[in-house]
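>>> sharing a model prediction with you, sequence too.
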Protein chains: 2
Amino acid sequence: MQVAIYFFICVDLSLALFEVPALFPLPFLATSIAEVLCLTAFFGRLVHFAKVTPQMVFWKDTKNICIMVTIVLTLFDLIIYGSLEAVNIHSIRWSRALRPVFLINFPESRQIRRTFRSIRNTLPDILYVFLLFVFSVLIFSLMALKLFGDRGLQTVEGSPYFTNILEIAFELYVLVTTANSPDVMMPAYNFSWWYSLYFITYIIINTYIFMSVFLAVVYNNYRKHLKNEIRKLAYLKRHKMIEAFNILKVKVGTEFVVMEARWKQLARIVMPHISGPHLELLLRISDEGQKGHVDKMNFIRLADLLNIQVVTINIKRHPLEDWMPRVYQSSASLLVQRMVRHRIFVWVYDVIILINAIFIALDEKNPFISYAEWLFLSLYIIEILLKLYTYEPRAYFGRKQFWNWFDTLIIIAALVATVANTTIQSARKYNSQQILDIVLILRILRLLRIIVSIQRFRLIVTTLINIGPTILTFGGLVLVVYYVFAIIGMEAFHGKVQFFDPNFTTPNALVCGNPALKDSAFARDRYCKNNFNDLASSFIVLMELTVVNQWHVLAGGFALVTHQAAKLYFIGFHVVVVILIVNIFIAFILEAFFVAYSLEKSEVETAIEKKIQELGVGIQEEEMQDGKLVDNMDAKDSGFSGDDGDNKRKALKGLYFRIASKKYRTVDALLQQMFESEIAPEDEGPSLDEILNFSPGDVYPKNPNFENSA
Amino acid sequence: MQVAIYFFICVDLSLALFEVPALFPLPFLATSIAEVLCLTAFFGRLVHFAKVTPQMVFWKDTKNICIMVTIVLTLFDLIIYGSLEAVNIHSIRWSRALRPVFLINFPESRQIRRTFRSIRNTLPDILYVFLLFVFSVLIFSLMALKLFGDRGLQTVEGSPYFTNILEIAFELYVLVTTANSPDVMMPAYNFSWWYSLYFITYIIINTYIFMSVFLAVVYNNYRKHLKNEIRKLAYLKRHKMIEAFNILKVKVGTEFVVMEARWKQLARIVMPHISGPHLELLLRISDEGQKGHVDKMNFIRLADLLNIQVVTINIKRHPLEDWMPRVYQSSASLLVQRMVRHRIFVWVYDVIILINAIFIALDEKNPFISYAEWLFLSLYIIEILLKLYTYEPRAYFGRKQFWNWFDTLIIIAALVATVANTTIQSARKYNSQQILDIVLILRILRLLRIIVSIQRFRLIVTTLINIGPTILTFGGLVLVVYYVFAIIGMEAFHGKVQFFDPNFTTPNALVCGNPALKDSAFARDRYCKNNFNDLASSFIVLMELTVVNQWHVLAGGFALVTHQAAKLYFIGFHVVVVILIVNIFIAFILEAFFVAYSLEKSEVETAIEKKIQELGVGIQEEEMQDGKLVDNMDAKDSGFSGDDGDNKRKALKGLYFRIASKKYRTVDALLQQMFESEIAPEDEGPSLDEILNFSPGDVYPKNPNFENSA
């Protein structure tokens, strides 16, 4: 069901590829049928929702209202557009800009909604800074008009310099983005040395100070709201667990508890595939005294317990050892294994990678070098095979063994692509460009492995990889904003600028097919391909606008082919994407790194993790890496049999709790843990209504330490 | 003495203005004599130091060693250069780049040194990220070479595209700074849509993620070191106070105390100009029970007590009231005063300012408008006079009444300049351009006053103004770095690029007097005035490089006229200034705003402030603003006479403790206060050696809360 909805959302969004202006044109009838189909699917989903949730809740949820309104508006727009089209009047399909509403408002996109909420909450604070900033730009514009307007200065292009207040304000806004520095200053600077002071002052105040203030405001709000949401989640979880406890509780002695059987039943309902020993272990942790029942405090922990990863494979021996123990344990085999585990093995391969890099940089026309490529490829394959021989394969390809996966995939892909290319080449005497490109990229990506060898690099990269999933959330957010702007941009600018083959030098090709662009910076820089003629091109233009540089040239070009007011579109995009979204992105990366850094120093451990460690059934993620894994297993195993008695050992055999290593945790998870360790175990938290109405401001008085702790 | 040293430092630094390549050329003999004079002064200062400090301390201080070595090196360089010059061989005056050493190493520049120390400490962390970043750029360069090198693509200028690995690496480095986006992408994008993915990936990884990581690393270190320094200071202060206490203590009863007379003596030595009632008040706070002696805890507070601002003027009446009470208290006068204090008065003037803004924006050629200017000027003068009539002038011009000062200075300056201009105009029928420019700027700056009327704006602006002093520290830091780079740049590039009047269009003028620049982007953009021909021009070029945009054009231009290796100079500047210094600047502004925001919510008050409030002798800074001031004084005054008895009132008459308003505190002061409120009053802190050897890492385990509290 969820997959189906995502499929329909994708179809709905990608319709823009096929509608006029299209990358792959399809008749209006086809796209409109597809759209109606999608709308039906969304409506069906909504009806299903309405059935399973109580009426009150359903109608109170703005998500559902949003979707419904959007469906109606889209249908309405489709009908109008279709009937006008039938009588050959071309109108605007404005409802296309509403399509991302479906992506945002379906319950699966909680993360994107959260970011949107965070942006919405930041708006009031940003607004005041923004107004002040606009005021400052206007004051400076007025000054510039008075200072430079009557001087008769000219820009490099020969147009009059700073004579119109609106143009000045636009130029100065562009200067804030640094995109026209130092060109905007040169005419005045050429005229007199002193006028540069005006621009320096402007840059310090508006570019440096105001832009930092924007970042500060966005960051501050981001942090505040993040913490508020997490606090809400933590209290909500606790609240629900207490409710569940109150339903299941029975009185034993003086206290209320949940009986063991009930507890197990519940766990099995929540997690149907839980294995026997796993459940046994959880129970042991929850019911310390083995009294046959679980008290309130331990019951509340159930959700966290179930979230802890359990690895059952680690203690297993290498499959080869099982299949042919004599060969695997022979002295030659052991020597190979010791070799592979040795540091020098890693170093040798680092050297090989470096030599490989030099070979890649050299010209590959030389046949010797292209043969060397085969040598390197086989060396890498041998490495992987040796490692698989030495380490337990399932541990080697563990879920979090990012670099092993990376290595293997790159090598296999390179092997496949190289073989494919050679086959095509020998068969048809022709190199497939696409495959060659892919082989090339794969070949170079292999060099990345050298990072793994340096501990400091690995740390930074691991943090970056952990940020990955949330960066995808940002991807979703950016997609939504880009989509809306792309649709508007296509409606406004499509067809105004044409791209001709770069080798064309006809006058028409030089002005991108639009005479209005004659002598413009847009045509001079050959930006003809930066147009809004289809969705893909629009996205690339928007990406360029996000990078900011030369955005005024793009804005100027599109303003020339349409109207000066078109600049507002580009300014709006800058404000929304660069000032808001990019700053949130930076704030997020800052926060993630701060958490990572502070964890290097301090220890944040939940009660559950402590308990697991006490029972001696925890494994640090670090220990699972490469060579150390099996050795450690052995050591622990032998330790148990001596000290801890049979009962424990039985439960443990072949089963360990893996405590997620700190470096693999997401910011959210870390903050949640930090907060939970602040709530006293007995604290039942505020009432449900209070929880749902938490405002970010509340964080401060109630939990000053927490607010400051990240 | 301090002033003299600063004077000599200024002279020494400004020598670069007069030396070849000079803004104002002076013969070598003159500048070298001036330099020797400065060196003598620095040496004299050093000798003086050596006399007043113990030998051991003096020789252990790297500051002194640095200065000595620099003096010797400079003399050495001067002699070599002079003698070579005598036989007409031109050599390099390399020691000029060392001049900022004097600025950094004299004890008065503690702030700049601190920032340098912070940068030095950040280097190791930055280095690893930087290496990873360089590695990533190289990998991408290799990929680009392989992907695009053989395509035969051309840039807009017609040069081959991405064929040389070094050039690619430079172009990709420039892309990280966004300065050549999207131009660098266009040829590949024009060739095939798919290649844009390469650039998008590159930009996401290197421009967005790596640059944010740099900010994160710099920020994290900045915060860590800031806190460490402040912790050190706080403990050092306490340590010294305890030492002083141990010297002065006598035993009274069971505890050691300092007698009242001794305490007063000490306070008078530390602060010779302290007034009688002020000292009395401090004693009352320190010796609560009036036992005639001060105990240890209260003694330790002495330094903080002395730092609290005391205002004695507030309770005074308006001077006019003293001079002619009948007139001032007459009903007409009171009506005026009430009017001025009324909100509508502020609103009326806001409207006047807005109308003024419109008039400024209109063309001033119209005589009616130029008369209106006189009207506005007189309206503003009347406003200030009315306010001075209503409010006590010394309170109105209080030390922290930034906006009142701002208003008055702007208006007086505008008045003087306008009158001067009119005089010159009527006498010689000629407008002085400089004066006109100044009048214009003043006229527009007056519009800033509208900010004061909006509470939200005032808050942001006040925070910005508070950051002011520390921004000056950054100014010093930037000056040092700029100076070194400017000297190197002048040695390397002076005279290579000539500036001709912009109206010259001879072929020579179009290539900035250097044929090597023919067809270059540098000449095409008319950047001839961006040269290193004198110190002022160099600074402006460096400023443009700091802003980043088009820096590759500047780098390319100077590389053309000298050597490709010249690009290293520009890359080095980018790494030092943009990656390090600008990020520290942003980190500083972020921190300042976070502190300001968190103070809006939480209350951080030291014990002393609480005590002052308890005694009822505190005034909030806010109360001192404009109208509320005198009213509040009266209210408090009458309150005292009723409740608090004569003794207190006597001490208080005409004397209040002003508790520095939170919004006027610097980040440093705030952090120090936060930290001090964390140390228990009885805590004597670690030993002196321990304090001096605090490392930033220690902050974490010992004071987790503090570390996180900002």
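Sure, I can see it.

>>> where does pLDDT dip in chain A?
Counting by pLDDT under 70, the ranges of chain A that qualify are A:108, A:307-316, A:363-365, A:399-400, A:429-432, A:598-710.

>>> what residue in it is the furthest from its centre?
Computed with Cα atoms, centre = their mean, the residue of chain A farthest from its C-alpha average is A:G253, at 51.6 Å.

>>> distance of that one relative to A:H293?
As for A:G253, its distance to A:H293 is 10 Å (criterion: Cβ to Cβ, to the nearest Å). Placement of C-beta: from N, CA and C, glycine included.

>>> burial measure for the residue lying closest to A:L362 once chain neighbours are set aside, as a count.
Excluding its sequence neighbours, the residue lying closest to A:L362 (Cβ to Cβ, 6 or more residues apart in numbering or on different chains) is A:I369, at 5.8 Å. A:I369 has 14 neighbouring residues, counting by other Cβ atoms under 10 Å in any protein chain shown.

>>> just the element for A:I369, please.
helix A:367-390 (DSSP states H and E).

>>> quick one: buried residues of that helix?
Residues A:372-373, A:376-377, A:380, A:383, A:387-388, A:390 are the ones in helix A:367-390 that count as buried (16 or more other Cβ atoms under 10 Å in any protein chain shown).

>>> repeat that for stretch A:567-585.
A:567, A:569-571, A:573-574, A:577-585.

>>> with stretch A:467-482 instead?
Those would be A:467, A:470-471, A:473-474, A:476-482, for stretch A:467-482 by 16+ other Cβ under 10 Å.

>>> do the same with stretch A:140-160
Residues A:140-149, A:151, A:153 are the ones in stretch A:140-160 that count as buried (16+ other Cβ under 10 Å).

>>> try stretch A:118-130
A:118-119, A:121-122, A:125-126, A:128-130.

>>> and which of these is nearest B:K518?
Taking Cβ to Cβ as the measure, A:F130 is the one of the buried residues of stretch A:118-130 closest to B:K518, at 45.1 Å.

>>> over to that closest one. Which of the three states is it?
At A:F130 the chain is in helix, as set by DSSP: H, G, I helix; E, B strand; the rest coil.

>>> mind listing what it touches?
A:214, A:575, A:579 (Cβ atoms under 8 Å, 6 or more residues apart in numbering or on different chains).

>>> OK, contacts around the second one?
With contact set as Cβ under 8 Å, 6+ apart, A:V575 has these partners: A:F130.

>>> hang on, the earlier thing: now tabulate the buried residues of stretch A:118-130 in a markdown table and tack on distance to B:C10.
Putting the buried residues of stretch A:118-130 into a markdown table (distance: Cβ to Cβ, whole Å) gives the following:
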| residue | distance to B:C10 |
| --- | --- |
| A:S118 | 49 |
| A:I119 | 49 |
| A:N121 | 49 |
| A:T122 | 45 |
| A:D125 | 42 |
| A:I126 | 42 |
| A:Y128 | 40 |
| A:V129 | 37 |
| A:F130 | 40 |
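
>>> nearest to chain B among these?
Nearest to chain B, judged by Cβ to the nearest Cβ, of the buried residues of stretch A:118-130 is A:Y128 at 4.5 Å.

>>> that closest one reaches B:V461, doesn't it?
No: between A:Y128 and B:V461 there is no contact under Cβ atoms under 8 Å: 10.8 Å.

>>> against A:S196, how distant is the most centrally placed residue in chain A?
Geometric centre of chain A, nearest residue: A:I471, 1.6 Å, by Cα atoms, centre = their mean. To A:S196, A:I471 is 40 Å away according to Cβ to Cβ.

>>> give me the distance between the closest residue to A:Y380 other than its chain neighbours and chain B.
Distances taken as Cβ to Cβ, 6+ apart place A:I411 nearest to A:Y380, at 5.0 Å, with adjacent residues excluded. As judged by Cβ to the nearest Cβ, to the nearest Å, A:I411 and chain B stand 17 Å apart.
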